[in-house]
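**Student:** only geometry, no sequence info:
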C-alpha cells in the first residue's frame, strides 16, 4: 500500500487488484499421461484406456511435458521445487473422464517468479503447475438451446501448464501488457501448442471488495475489455451501497458484458488427495541445468545483445525481438554479411509495414534470409531507391517466387552506376538553364522541379534525395 | 508335500506330453461347469470357448518357446478385479456389468507369455470392500463348510484353489489382507508381495497406494512360482520397483511372534497356532516382539487412507462409457449418475465412499487424511525397527476361523473392520507376507502369517517350506 494512489471511500479512487490464471497448452507429441497423439484428429479417435479413464488403466507421466513446463517456469524466473508430486482434484462433471483431474496442489513444479513489463514493473508469479485438460464439451445448437452435449475425449489428458500471478496487476491495460509479454516469452521457448494455446481466467477486486473471477476469456483484447467492464460494474455496485461478493462470472464477447455464474466453491471442497498412481518427481540441479542449456535466449537478453553487438537503437532491438521469427531472420541476414543497421531498418520498417498492411505473420510466409541480405547489400551500395526497396518487398511477400534482386533486375530498376546519374543530372541542368538559374537565385521549388525531371529520366532508380544532392553539388560547381 | 503335486512338476511334464495339458484343462472346465459345484460361487465369469482357443494356441508352441515357459499349460484363475482383454471384468460390482477391458493387465500378459491358460474370473467382495466376500451378488462358500465364508476379499480365488483337485494357481489381490484372510479360511497358501513388486496395470483400483496383486496356491511352491512370473518393473505402472523375484529361499535365523496380535485372537486359534510354532522352534530361534503403534493405529489409518483413495477411484463409475447404462433421456448429468450409483453400488461401497469423501473434505482433511498419511510413515518405521533384529514376524492370520454367514450378518461395520487387525499393518506398510495353513480347529483351517522386510519374499518361501513339513 506504499503506492502513490490514495485509498479512500470514493469508488473512483480505489486501488484495483488483478490476478491472472493462465492455462497454456503444451506442444508435446503425446498427452500428459498416455501415448495418444496431441494432433488434431477425428473426434474421439485420439483416445485410449488411460485418457478415457477406463477401470484398470494407470497414468504414466510424460517426461517431455515436465521438461517443457520446467522451461516455462525458468523463463518466468520461478524457483523449481526440489521434488513435487501430483494430486487428485475430485468433482463430477461430464467432461471429466475419471471425475477427478490429475493436477498439482500442495507442492507445484515451481513458485515465486516474476515477469518484467516494458516499463520495468515486475508482476510476481505465484506458482506454475502441470495438469491434464478435461475433454471438450460440444453443444450442437449452442449452449442454451441444446438438450444434449457431445463429448470429444481427444482433448482429455492434453498437457496444460497453469500459471498463477499474484494480484499485482493494477489496470486492464497492464493485464494486456503482461499477457503480451508472457506470450512472447513462451513462444520463444517453442513449447506451446497450436494457434491459441493460452486461456485466461481473471480475478479482480477493488480494494475492500471481494474477489470476482471471470472465467475463460479468449483473446487478450477480450481480457482487457472484460476487466474494464468489470471495474465499472463493481464501482457502480459500491456507489449504490452494495457489497461486492465473491463469485464467478463469464464474459460474453458479443455483448461485452460479464454475467454472474455461481458462487465460487472454496478450493478445499475438491477433496484433494495425493495421486497414488504416480511417484514423486525430483529434478536434480544437474537435470535443471541440462534443461537450462537447451533453453533459447529470451527476448529481453536477446534485445540487449542486439543493441550492444550491432549498435542498434533500443527501440529497434526490442521490435526485432518482440517476434521470435523476426529476430531469427535478422541474425541470419547479418551472418550472411548484411550490414546490421540497414538490415534492422529493412525488417522493422519495410517488412513489418508490408506484413501489417496484409495482416500477415512472419511465420505464415516463406522468406529466405539470403534474399533479404542481397537487398540490404544493394541498398548499402546505393543501387536501389527506397521506393523500389518497398516495391520489391511487396512483390516478394505477395508470394512471387522472385527474390527482390531478381525483381529489380527484371524490371530494370537497379541504378547501374553513379557515372550515369552524373551524366543525366548534367544533361537536365543544361537543357533547363532557366530553372537552374532560378535555384541559384534562391528558388527552392526550382530544385524540386529539376529533381523530378531527373527521377523521370532515371525511371525512379535514383533515390530522390540523392538526385537533389547531385543537383545541388552540380549547380554549385557550375557557379564557380 | 510331494514334488509330483506341484504345478512346477506338472508344467515340466506337460512340455513333454501335451495331452496332460488338455486333460487337466478339461477337468477344470468340467469342474467349473458342474451344476452342483456352480452353487459354491467361486467363479464369476467363465468362457469355455476362450479356454479351448488358448489350448489350440499352446499346442502350436515350438520346443524352444516351451523350454523357457514357466507356466506351460497351467490353468490360472483371475480375481475379478484384474482386467482380462475381452472378458467381463467387474471387480465383483454390478455397476461394472458388461465392462470388457480393451487390454490385458500386465500380470495377465506376463502369465500368457509363460504359457498359462487364463480360465476364469473368481468372485470377490465388490472392489475388495470386505473380509468375507459377502459384499457382492455371488457369495463364495467355504470348501470345508458351505455354511461358512471363504474370507475375503479374494474369496473365490482361495475357495477354488482349495476345492479343485487339479493343477491350478490363482491370481489374487490384497489391499488390507484380501489374500491372507481367504487363504487362511480356506487352508491355502497366499503370498502378498512387497508393494510395487508386481505391476498394478490393469488392476481395478481399490486403494492404489496399498493394492497388490499376489498369488494363491495349494502350496508355497505354486504360489511362489506364479509370483516369480508376474513380478518386475513395468513402464505402465510408475509405482513398480526396479526389482524382481526369483523363487529362492532366504536365510532365516531369528523370528519374532507379534504378541499383541496373539492376544487379540480367539483362544482356539491361539492354541492351534502356538502348537505349530512349537514345531517351528526346531528350525528358527523364536522370540517375542510388540508393535504397539501398529496395534493401536493401523486399522484407523488404513480405513481412512483406503476409503479416501477408494472414494476418488469410484467417482469415474457413473454409467457413462462402460458398465451399466441407464436411460439418459431428459436427465441432467448429476441426476443420471446419482441414479446409476444409487442403484448399483452395495451398501458397503456407499459406506466407504461416504467415509472416504468425509476424510478428505475441507476442514477434515488435515485431521484425518493427512494425519493418517503421517501415521503410516510412523507405522512403517516401527516395522523397520523390528526387522533390524528379526527376519520374520509371525501372527495368526485371522483372529477367528471362518465364520458362518449367519454370524457375519450380525456384525456391526466396526466389528467387521476389526477382523482385519492382524493383516492390515503389513498391508499398510507395503510389507510382503504369506499365510500358510497351521492346522485345524473343529475341521476348519487356521492360518499362520509371516511378514518379511521389503523385497525379502524369499524369507516367506523358506517359512512356507518349513510350514509344509509334516
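**Tutor:** Happy to help now that I have it. The model shown is predicted, which means the values in this text are computed figures rather than measured ones.

**Student:** For the closest residue to residue A:150 other than its chain neighbours, give me its contacts.
**Tutor:** Distance criterion C-beta to C-beta, 6 or more residues apart in numbering or on different chains; nearest residue to residue A:150, sequence neighbours excluded, is residue A:138 at 4.3 Å. From N, CA and C alone the C-beta is placed, and that goes for glycine too. By C-beta atoms under 8 Å, 6 or more residues apart in numbering or on different chains, the residues touching residue A:138 are A:149, A:150, A:151, A:152.

**Student:** and if you look at residue A:375?
**Tutor:** If you count contacts by C-beta under 8 Å, 6+ apart, residue A:375 has them with A:346, A:384, A:389, A:392, A:393, A:403, A:404, A:405.

**Student:** could you point out the longest helix in chain B?
**Tutor:** The longest helix of chain B (DSSP state H) is helix B:292-313.

**Student:** same question for it, mean pLDDT?
**Tutor:** Regarding helix B:292-313, the rounded mean pLDDT is 96.

**Student:** Stretch B:241-248 too?
**Tutor:** Averaged across stretch B:241-248, pLDDT comes to 89.

**Student:** re earlier: between the contacts of residue A:375, which sits nearest residue B:378?
**Tutor:** Relative to residue B:378, the closest of those is residue A:346; by C-beta to C-beta it sits at 70.3 Å.

**Student:** what's around that closest one, how many residues?
**Tutor:** 23 (other C-beta atoms under 10 Å in any protein chain shown).

**Student:** Count the residues that sit near residue A:229.
**Tutor:** Residue A:229 is flanked by 19 other residues according to other C-beta under 10 Å.

**Student:** now it: how far from residue B:109?
**Tutor:** Residue A:229 sits at a distance of 57 Å from residue B:109 (criterion: C-beta to C-beta, to the nearest Å).

**Student:** So which residue is dead centre in chain A?
**Tutor:** The centroid of chain A falls nearest to residue A:184 when counting by C-alpha atoms, centre = their mean (4.0 Å).

**Student:** mind checking how far residue B:357 is from residue B:428?
**Tutor:** 20 Å.

**Student:** With residue B:283 instead?
**Tutor:** 29 Å.

**Student:** When these two are compared, which one has more neighbours?
**Tutor:** Using other C-beta under 10 Å as the criterion, residue B:283 and residue B:428 rank with residue B:428 on top: 30 against 15.

**Student:** Can you give me the neighbour number for the closest residue to that one other than its chain neighbours?
**Tutor:** Leaving aside its chain neighbours, residue B:428 sits nearest to residue B:302 (4.9 Å; criterion: C-beta to C-beta, 6+ apart). Per other C-beta under 10 Å, the neighbour tally for residue B:302 reads 26.

**Student:** how near is residue B:302 to residue B:329?
**Tutor:** Residue B:302 is 42 Å from residue B:329, where distance means C-beta to C-beta.

**Student:** same thing with residue A:123?
**Tutor:** For residue A:123, the distance to residue B:329 (C-beta to C-beta) stands at 50 Å.

**Student:** How about residue A:50?
**Tutor:** From residue A:50 across to residue B:329, the span is 30 Å (C-beta to C-beta).

**Student:** quick revisit: what pLDDT does the residue nearest to residue A:150 get?
**Tutor:** pLDDT, residue A:138: 88.

**Student:** same check, this time on residue A:145
**Tutor:** pLDDT, residue A:145: 68.

**Student:** On the three-state scheme, residue B:239 is what?
**Tutor:** At residue B:239 the chain is in coil, as set by DSSP: H, G, I helix; E, B strand; the rest coil.

**Student:** Okay, now the unreliable bits of chain B?
**Tutor:** Applying pLDDT under 70 to chain B flags the ranges B:1.

**Student:** from it, which residue is nearest to chain A?
**Tutor:** Residue of chain B nearest chain A, by C-beta to the nearest C-beta: residue B:362 (3.1 Å).

**Student:** which SS state does residue B:119 fall under?
**Tutor:** Secondary structure, three-state DSSP: residue B:119 is strand.

**Student:** count of residues packed around it?
**Tutor:** Residues near residue B:119, counting by other C-beta under 10 Å: 25.

**Student:** quick one: it and residue B:373, what's the gap?
**Tutor:** The value you get for residue B:119 to residue B:373, if C-beta to C-beta is used, is 39 Å.

**Student:** Please apply the same query to residue A:409.
**Tutor:** 76 Å.

**Student:** Return the residues in contact with the residue of chain B most remote from its centre.
**Tutor:** The centre of chain B is farthest from one residue, residue B:330, which by C-alpha atoms, centre = their mean lies 42.5 Å away. Neighbouring residues of residue B:330 by C-beta under 8 Å, 6+ apart: residue A:147.

**Student:** The one 4 residues further on now?
**Tutor:** With contacts defined as C-beta under 8 Å, 6+ apart, residue B:334 is in contact with residue A:92.

**Student:** Which of the helices or strands spans it?
**Tutor:** helix B:333-344 (DSSP states H and E).

**Student:** next one: residue A:199
**Tutor:** If you go by DSSP H and E, residue A:199 is part of strand A:198-206.

**Student:** In terms of secondary structure, what does that strand contact?
**Tutor:** With contacts taken as 3 or more C-beta pairs under 8 Å, 6 or more residues apart in numbering or on different chains; DSSP states H and E, strand A:198-206 sits against strand A:16-25, helix A:172-189, strand A:212-217, helix A:220-239.

**Student:** nearest to residue B:53, of those?
**Tutor:** Nearest of those to residue B:53, taken as C-beta to C-beta: strand A:16-25 at 44.6 Å.

**Student:** hmm, back to that, what number of residues lie near the residue of chain B closest to chain A?
**Tutor:** 14.

**Student:** all helices for the stretch 101-250 of chain B, in order.
**Tutor:** For the stretch 101-250 of chain B, the helices defined by DSSP state H, counting those that start in this stretch occupy B:106-113, B:155-163, B:180-186, B:220-230.

**Student:** Serialize these to TSV and add fields for mean neighbour count.
**Tutor:** Shown next, in TSV, are these (neighbours: other C-beta atoms under 10 Å in any protein chain shown):
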stretch	mean neighbour count
helix B:106-113	22
helix B:155-163	31
helix B:180-186	35
helix B:220-230	26
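
**Student:** Output these in JSON lines; the columns should cover distance to residue A:209.
**Tutor:** Formatted as JSON lines, the helices of the stretch 101-250 of chain B follow (distance: least, C-beta to C-beta, whole Å):
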{"stretch": "helix B:106-113", "distance to residue A:209": "55"}
{"stretch": "helix B:155-163", "distance to residue A:209": "60"}
{"stretch": "helix B:180-186", "distance to residue A:209": "58"}
{"stretch": "helix B:220-230", "distance to residue A:209": "60"}
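
**Student:** Could you say which one of those comes nearest to residue A:219?
**Tutor:** Of all those, it is helix B:106-113 that lies closest to residue A:219, at 45.5 Å by C-beta to C-beta.

**Student:** Work out the sheet partners of the helix or strand harbouring residue A:127 and label each with its direction, please.
**Tutor:** Taking DSSP H and E as the definition, residue A:127 sits inside strand A:122-132. Partners of strand A:122-132 in the sheet, by DSSP bridges, are strand A:110-116 (antiparallel), strand A:159-165 (antiparallel).
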